Structures are given as structure tokens and as C-alpha cells.
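Participant: Model the structure of this input:
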Amino acid sequence: LQKVKNDLEMVLSTVQSKNKKLREDLKREQQWHDEQLQIVDVLSGIEEEMKNQVVQFSEKRAFQELKNKMLKLRTYKEELLNALGEFLEEHFPLPEEDGSAKKKKKNSSEEPSVELITLHEILEILINKLMSTPHEPYLTISDSFWPPYIELLLRYGIALRHPEDPNRIRLEAFHQ
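Facilitator: Just a heads-up that it's a prediction; the model follows:
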């Protein structure tokens, strides 16, 4: 019995030492696991920040691309308007510059009381009116508009008369 008791005490001490070692190992493994969880949390946070930065970067890049396109469109618009202005100045001068227009006015008893505006200015006014107030694009024809220019715009479908008021015109909405 004494021998069995000694053997059992030895087994008990061995088991206790193994248990102690296993507890220490478990404690170390638990610390390692906690550290790994903290690393995963930190990396997840960094990943979210990086995703946000990528989204912000892509939004900034898209915004910059849109700004560049808008700048190109504005430049192109300016070029088109300048070309239109040059064409209109060359082919449709003011009526005062043309001697025949002056003779007609002198022969008639009318004296020009207002300064006539160029076809380019008329078109610019019509374009601005259409763009600024698309719900009411009609412009009242004043004495400063030379009637042959108005007829030219109407005849070639560039402008349309108001259905109820013939003294009002609007630019044909080509952009729609």
C-alpha cells in the first residue's frame, strides 16, 4: 500500500506539474490570441481608412476629370462663339455700314431713332434668354432689331414667333 501511495503521489505531482505547465501554456496562448485579435482590429481599421481614402481619391479624380471636361467644353464654346461672331460680322454687317440700307432709310421719311444691333448680338440675346429662362424664352422685338435680320432668322427656322404675339420671338431649341 505504501508503494502504491508513493506511486500515486508521484503521479499526482507529475499531473500537477503538467497541469501547471498547461495552465502557463494556456495563459501564453490566450495572451497571443488577444494580441492577434488586437492586430486584426487595428488592421481592419487601417483597411477601412484605406478604403475611404481610395473612395475619396477616386471621387477627387472624377471631380478633377469633370472639371477638366467642363474647362474643355467652355473653351470649345468660346471658340465656337468667336467663330460665329467672326462669320456674322463678315457676312452680316450692321445695316449702317451698307450704303443701300442708308439710302432706303434716307428716302423714307424715317430717321433712325435707335441704334440697330448686329445679328450676332440678336443671336446672343436669344441664346442667353433661352438658357437663362427656358420656361419663358420669348423676346420682345424692339426697334433696335433690324427687320431683315428678324425675317432671316424666322425664314430659316433659327427663331420662331410667339403663337399669340407676333412681336415676340424665341430661339429654336436645337439642344432638346
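Participant: how close does residue 139 sit to residue 55?
Facilitator: 47 Å (CB to CB, to the nearest Å). For every residue, glycine as well, the C-beta is placed using N, CA and C.
Participant: When the two are compared, which one has more neighbours?
Facilitator: Per other CB atoms under 10 Å, whichever of residue 139 and residue 55 has more neighbours is residue 139, with 21 against 10.
Participant: list the contacts for that one?
Facilitator: Shown in contact with residue 139 (CB atoms under 8 Å, 6 or more residues apart in numbering): 125, 126, 129, 168, 169, 170.
Participant: so what are the domain limits for this protein?
Facilitator: Taking the TED database as the reference, the chain has its domains at 1-92, 119-171.
Participant: any idea which of the contacts of residue 139 has the most stuff around it?
Facilitator: Of all those, residue 169 has the most neighbours under the rule other CB under 10 Å, reaching 24 neighbours.
Participant: Give me the mean pLDDT for stretch 25-41.
Facilitator: Per-region confidence: stretch 25-41 scores 96 on mean pLDDT.
Participant: same thing with stretch 68-88?
Facilitator: Here stretch 68-88 scores 92 as its mean pLDDT.
Participant: So what touches stretch 146-154?
Facilitator: Looking at what lies outside stretch 146-154 - CB under 8 Å, 6+ apart - the contacts are 92, 95, 116-117, 119, 122-123, 126, 141, 158-161, 169.
Participant: Measure how buried residue 50 is and give me the count.
Facilitator: By the criterion of other CB under 10 Å, residue 50 has 10 neighbours.
Participant: just for the chain, where's the confidence low?
Facilitator: For the chain, residues meeting the criterion pLDDT under 70 lie at 96-113, 175-176.
Participant: circling back to that earlier point, just name the most buried of the domains of the chain.
Facilitator: Stretch with highest mean neighbour count among the domains of the chain: domain 119-171 (a mean of 15; mean count of other CB atoms under 10 Å).
Participant: biggest helix in this protein by residues?
Facilitator: Across the chain, the helix with the greatest residue count (assigned by DSSP state H) is helix 2-91.
Participant: what separates it from the chain centre, distance-wise?
Facilitator: On the basis of CA atoms, centre = their mean, to the nearest Å, helix 2-91 sits 31 Å off its chain's mean C-alpha point.
Participant: Then stretch 145-162?
Facilitator: Counting by CA atoms, centre = their mean, stretch 145-162 comes out at 34 Å from the chain centroid.
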